[in-house]
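Engineer: no FASTA, just this:
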């Protein structure tokens, strides 16, 4: 019986050693996996930082585009106002010239004016 007890104790000792080895290997694997996850976390942190910088650049681009749009709108309004002013000036000049022509045609005679125009062609 002592032999059986010794054999059981030896078997238990070997089993405990084997379980300790398995536990050590599992701990090593877990630590390796944990280290890999830490590296992945670091990479994701760097990616997040890059995306933050990209977001900042897009914000600056949006601001520049808004300023450009405001400038273009101001230029368009100004050019429209300038165009309207020029057209009004042309209209006033045309009206003045038309009045002058009507006055002169009354002085010379409208028929003379028409004959003169036909002869010039």
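Structural biologist: Received the coordinates, thanks. None of these values were measured; they are calculated from a predicted model.
Engineer: Could you give the number of residues near residue 90?
Structural biologist: Residue 90 has 10 neighbouring residues, counting by other Cβ atoms under 10 Å. Backbone N, C-alpha and C define where each C-beta goes, glycine included.
Engineer: mind listing what it touches?
Structural biologist: For residue 90, the contact set (Cβ atoms under 8 Å, 6 or more residues apart in numbering) is empty.
Engineer: Distance from the chain centre to the helix or strand harbouring residue 119, please.
Structural biologist: Element membership of residue 119 [criterion: DSSP states H and E] is helix 110-120. The chain centroid and the centroid of helix 110-120 are separated by 66 Å under Cα atoms, centre = their mean, to the nearest Å.
Engineer: Can you list the buried residues in that helix?
Structural biologist: Of the residues in helix 110-120, residue 113 count as buried by neighbour count, 16 or more other Cβ atoms under 10 Å.
Engineer: tell me the average confidence for it?
Structural biologist: For helix 110-120, mean pLDDT rounds to 76.
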